[in-house]
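Asker: Got a sequence here, can you model it:
(2 chains)
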Amino acid sequence: MQNRARTDLLSKAPLWLALLFLAIFVLLPMLQLAGQTCFGPDGFTLRAWSALFDDEAIATQVAATLQLGGAATALSLLLGGGHAWLTTRTDLPGGGWLGPLGIAPLVVPPIFVAMGFADLFPAEGFWPCAILLGVAHAPFVAVLAARGLRAVDGRAYEAALLLRGRARAERWLLRAIAPELLAGCLLAFLFTVADHGVPEFLTVKGKTWHTYAEGIFGRWTRRAVGTTFEELQSPIVAALPFLACLGCLLWAALRLRAAAPDRGVVTALPVRRLGPWRWPALLLPLGYLLAGVGLPVFVLLRWVLGSAQRLEPMSLDYARQSFQKAIDQGLPDLLHSVWLAIAVALLVVLLAVPLARQSGRRWPLLDLVAALPAAVPAILLGIALIRSFHDGPVLQRFGDRFDQSWAFAACAYAARFLPFAALTLASQVRRLPLAAEEAGRFVLRPPASRALRLHVLPLLPAVWSAWVLTFVLALRELDLAVVLPAANATAVRRLANAVHFQHEDWSGVIALLLLSVAVLVPLVPALLFGRRLSSLS
Amino acid sequence: MRSLLALGLLFATAACTGEAAPTIYVALDEQFSRPLLDRFAQELGVDLVQRHDTEASKTVGLVSSLLEERNNPRASIFWCNELAQVVHLGQQGLLLPYASPAAADMPATWRDPDGLWTGFAARARILIVNTELLPDPATWPTSYRDLVDPKWKGKCAVAKPLTGTTLTHFAALRVQLGDAAFGTFVDGMFENDVQFLQGNGATMKAVRDGRLPWAFTDTDDYHIAKMKGHQVACVFPDQEPGGLGTLLIPNAVALIRGGPAPDVAKQLIDRIVSRETEALLAAADGAQIPLRTGVAGPKDPAVKQLGEFRAMAWDVSKTAENLARCSADFHQRWPK
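Answerer: Okay, the predicted model is just below:
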């Protein structure tokens, strides 16, 4: 009996550790941050909150953010949704290999897309910002819409087509994929409005209007000039309602995503003939990939060749010099980024597996808890973590300088990206047959061995996908890198600064190397084992 | 489970840093400061932790961090490229006196009498001019007052005075001119449609790329643009007899009160304020102007040496005292 209790405790330990991690690195810091806004030097007060309403800039920033989110999401829907529809549903030439590439722009850090846009066009206006964020976040729509289209049973569609005609059948199809499509749009909107790095980069380039996330960070960096309790708390007070709204959006996206039926494909949707539009239709996916991947890579290549200087024409000789400078100046940052991303992805996967198992099989609400960090803008999560671990009453006990350490940066990144892995894996857990697990309980094997064979092995492909996703997201993260001391030395953060100081040449090399790493890692199984590219999405 | 425990152990090991390493917060651009600091750390045989500011929150971000960490300091040294911010920290009681013997030959103007900070290698606030748009030097602007000259209506730029050297510049101007005259000047800039951009880099790029004929920026921004072959020139403003003079903003280094490894930090400060560092910073892309006599200046003759131009006589202490008030007022006028 005692043995069994001990075994139960041990088998539950990963789950409790994962929950403890969420509590320490997400819930407690955020709660402490919120609590501090109500406790001034004289005790409980709501002065900081009432001061919020006197700030005239907030309404302007909220309006700008909503407009930006709306415009960028509309573009994400057009590009991502169009890409998914054309590559999944039609006889588009090359659709088979263009389809999986729908996720490719996710590999490119949005800051690189911004650098590309800013180099070729005046990017300080509203529309350039909306376009580049729309392009950068379109993969969310592309991947989820494609998934929705693949999950629709083709026989049902054909029955609708025969009985009710083309228009009604298409409407039925749209309704069938609507949950996935909306979830994708909500995610694109969420990431657009929470983004701080790109709008701020464009601000440095000359943009004169500001988003809400920029306003929060602006208050945070200027807290030195604040002398009153209200001024010191103002960035947090401004951020918390924003966080609540993002949480609601995320909850809606998750509900929609859960509502999408995963029927398992019995018959794929019939291919729609595009007729004379077959070749012209290529323009949309190619335009999408060109804007999301081609343009940034083109600009980076030009930088490497010497486009940012006027002393000599662009040449391979100049590229050689750029490469040499990159080795001297930026290689340590690149390596730092790669090691950090590897550690973060590993940690995230280890934490996500028990969470996914539990939410997939027993506590569906755990999905929402695990997804919570996705609703917290990275910049705010970073601020909360730094504050809590630097001088928080509880978390400071982790160690005097823990908040400066590399491990702290890895944990903070892991907290930020845990939702993506946990949700991916939970979705996979739900697809696994329950009967096999139930039968497995009767096998006379140690619990660890049973768990490994029955729970972990079938998840391995999804674990790899989650690892790759986290690795790529960690490589491209800018907002946390700005706030966390140990992450300051990552390549993306260094590049955002270096470009400002006209070091485009070697920055271009580092950026291209970073992209190569981000692209090559997901391709490893395809290269080594011939795994299909479509598994990436 | 085992792998989770192993990873936990690994992270715990990574988190245990043992004795606190000397840590430096650096507001000077990372490209210039990092190679120097790496070299100094190697010479001293220490594992130096460097934290560099981001362009967006230039200086103010690190100053905020230092203020917030005052009860539990993380930094041993603050290397700031804006003197007024360091003086402000000293006034707040965050700095520990240390008169570096390596700075004994530094003019007294650029050292705190109580040893709270030591200045070195400066940048000047200059006007960058696009020589393709304004080929005739006789037509170039020559003063900060050109920002309010109707001749340049909508054709010139200055960074928003919220962070960086522009904050210090405008705070110093306010002290120099007085509140009323400064207010009139600011009103004049708005009436003259001066473009208020986000930073000195943005103003430099607007001129470099031919979008504007001239703007205020710092010598380092100008010099890099020039080095890259862009058609730009540099004007040290307000050089006329009786003029205000060009604002010179030196770097400053200071020891943080209660910071880790103070002894190593002092050795590091000795290296940072040395003649050699001034010479290296002058020769680097940033073309910083040495404050000592006898140290070789930047190669570009357009970046003048001390003594070749009239420097603005600004009251650093008074500017630093007014910094918080100026910043709060400027945020009202130039909301982000």
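Asker: got a pLDDT number for residue 90?
Answerer: This is for chain A. The model reports residue A:90 with a pLDDT of 93.
Asker: think we crossed wires, I meant chain B
Answerer: On the pLDDT scale, residue B:90 gets 93.
Asker: That one is in what secondary structure piece?
Answerer: Using DSSP states H and E, residue B:90 sits within helix B:83-91.
Asker: Same check on residue A:475?
Answerer: Taking DSSP H and E as the definition, one finds residue A:475 inside helix A:460-476.
Asker: and if you look at residue A:364?
Answerer: Assigned by DSSP H and E, residue A:364 falls outside every helix and strand.
Asker: Check what pLDDT it gets.
Answerer: 76.
Asker: And for the one 4 residues further on?
Answerer: Model confidence at residue A:368, given as pLDDT, is 78.
Asker: where does the residue of the stretch 301-450 of chain A at minimum distance from chain B fall, phi/psi-wise?
Answerer: Of all residues in the stretch 301-450 of chain A, residue A:310 sits closest to chain B, at 3.2 Å by C-beta to the nearest C-beta. C-beta here means a position set from N, CA and C on the backbone, and glycine is covered the same way. With angles defined as degrees, to the nearest 10, residue A:310 sits at phi -120, psi 10.
Asker: Quick check: nearest residue in space to it, chain neighbours excluded?
Answerer: Once flanking residues are discounted, residue A:310 sits nearest to residue B:229: 3.2 Å by C-beta to C-beta, 6 or more residues apart in numbering or on different chains.
Asker: Could you look up the SS state of the one you found?
Answerer: coil (DSSP: H, G, I helix; E, B strand; the rest coil).
Asker: State the distance from residue A:16 to residue A:355.
Answerer: 11 Å (C-beta to C-beta, to the nearest Å).
Asker: got the contact list for residue 130?
Answerer: No chain specified, so I'll use chain A. Residue A:130 makes contacts with A:67, A:68, A:71, A:72, A:75, as judged by C-beta atoms under 8 Å, 6 or more residues apart in numbering or on different chains.
Asker: you looked at the wrong chain, it should be chain B
Answerer: Residues counted as contacts of residue B:130 (C-beta under 8 Å, 6+ apart) are B:207, B:208, B:210, B:212, B:213, B:214, B:231, B:232.
Asker: Now go through these and say which are in helices.
Answerer: Residues of those located in helices (DSSP state H): B:207, B:208.
Asker: The contacts of residue B:130, buried ones only, as a ChimeraX selection?
Answerer: In ChimeraX, this line selects whichever of the contacts of residue B:130 come out buried by 16 or more other C-beta atoms under 10 Å in any protein chain shown:
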select /B:207,208,212,213,214,231,232
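Asker: quick one: which two of the contacts of residue B:130 are the most distant?
Answerer: Maximum pairwise distance in the contacts of residue B:130, criterion C-beta to C-beta, is 13.3 Å, between B:212 and B:231.
Asker: The residue nearest to residue A:310 contacts residue A:311, correct?
Answerer: Yes. At 3.8 Å, residue B:229 and residue A:311 qualify as touching, with contact defined as C-beta atoms under 8 Å.
Asker: Point out where the stretch 51-200 of chain B drops to low pLDDT.
Answerer: Within the stretch 51-200 of chain B, the ranges that satisfy pLDDT under 70 run B:54-60.
Asker: can you pull out the strands in it?
Answerer: Secondary structure of the stretch 51-200 of chain B (DSSP state E, counting those that start in this stretch): strands at B:77-80, B:95-96, B:118-130, B:156-159, B:195-197.
Asker: As a markdown table, those with distance to residue A:471 would be great.
Answerer: A markdown table is the format used below for the strands of the stretch 51-200 of chain B (distance: least, C-beta to C-beta, whole Å):
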| stretch | distance to residue A:471 |
| --- | --- |
| strand B:77-80 | 34 |
| strand B:95-96 | 42 |
| strand B:118-130 | 40 |
| strand B:156-159 | 38 |
| strand B:195-197 | 37 |
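Asker: Work out which residue lies at the spatial centre of chain B.
Answerer: Geometric centre of chain B, nearest residue: residue B:81, 3.1 Å, by C-alpha atoms, centre = their mean.
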